[in-house]
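Asks: Take this sequence and fold it.
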Amino acid sequence: MDYLNYNVAVNLKRIRTSKGMSLDVAAEQTGVSKSMLAQIEKGSANPSLGVLGKITSGLRIPFQELTGPPPLDSCLVKVTDTVPTKEVEGEYRVWTCFPYEDNRMAEIYRIEIEPGCRYMSGGHGEKTREYITVLEGEVTIECNGERHQIGRDDVFRFETDQMHSYRNEGENRSSFICFFLDYH
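Replies: Reported below is the predicted structural model:
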């Protein structure tokens, strides 16, 4: 389940139960069937914008309250249980672990690159810094006309206001975590 469906599932159930509503009452208030609401809460439905609009209108809540990150003290992301947000079969996979929308300051990705492959990234805006730590293999980062080879357990930092690339020049898959910090 992607992070947006997860947010809607958790938030809908939390909001509905905090208002003391059964699924029947929520269905009556929103005009969305009880079975659809149950599927959304289980994360097994991918509701349209129209359905989300009916829910927010019927529950009298802002759209962001339904789609935004649930208020949690902690959150475990099991990358193996999620779908990559970007993927080129046989070359690379990118997972959004914690999106920028969570807190408007930072975002965290996990990236895997197959041997001999490269992942290109556009700039992330002014005053955005990227931190990388390699979990397995090695990755070569090309940015600002320079090449930096980062090995396992190394941590590297650079400004990400322009195009940059990640290249796996090794013989095994490389896997690393990217942490973007917005320091406006």
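Asks: Return the distance of residue 43 relative to residue 55.
Replies: To residue 55, residue 43 is 15 Å away according to C-beta to C-beta, to the nearest Å. Just so you know, the C-beta spots here come from the backbone N, C-alpha and C atoms, and that holds for glycine as well.
Asks: tell me how far stretch 90-105 is from the chain's mean position?
Replies: 4 Å (C-alpha atoms, centre = their mean, to the nearest Å).
Asks: coming back round to it: if you count what's nearby, which of residue 43 and residue 55 comes out ahead?
Replies: Using other C-beta atoms under 10 Å as the criterion, residue 43 and residue 55 rank with residue 55 on top: 26 against 16.
Asks: List the contacts of the residue most central in space within the chain.
Replies: Nearest to the geometric centre of the chain sits residue 96, at 3.2 Å (C-alpha atoms, centre = their mean). Residues near residue 96 by C-beta atoms under 8 Å, 6 or more residues apart in numbering: 3, 85, 107, 108, 109.
Asks: With residue 120 instead?
Replies: 163, 164, 165.
Asks: Can you give me the buried ones in the one helix or strand it maps to?
Replies: Assigning secondary structure by DSSP states H and E places residue 120 in strand 118-121. The neighbour-count check on strand 118-121 (16 or more other C-beta atoms under 10 Å) flags 118, 119, 121 as buried.
Asks: Could you give the average pLDDT over it?
Replies: The average pLDDT within strand 118-121 is 94.
Asks: which parts of the next helix or strand along the chain from that strand are buried?
Replies: Heading C-terminal from strand 118-121, the first helix or strand you meet, by DSSP H and E, is strand 128-136. Of the residues in strand 128-136, 128, 129, 130, 132, 134 count as buried by neighbour count, 16+ other C-beta under 10 Å.
Asks: Now the third one. Nearest residue, chain neighbours left out?
Replies: This points to residue 130. Setting aside the residues directly before and after it, residue 130 is nearest to residue 160 in space (C-beta to C-beta, 6 or more residues apart in numbering), at 4.5 Å.
Asks: Next: the fourth one.
Replies: Beyond its immediate neighbours in the sequence, the residue positioned closest to residue 132 (C-beta to C-beta, 6+ apart) is residue 156, lying 4.9 Å away.
Asks: before we move on, what about the last one?
Replies: Residue nearest to residue 134 in three dimensions, not counting chain neighbours: residue 176, with 4.5 Å by C-beta to C-beta, 6+ apart.
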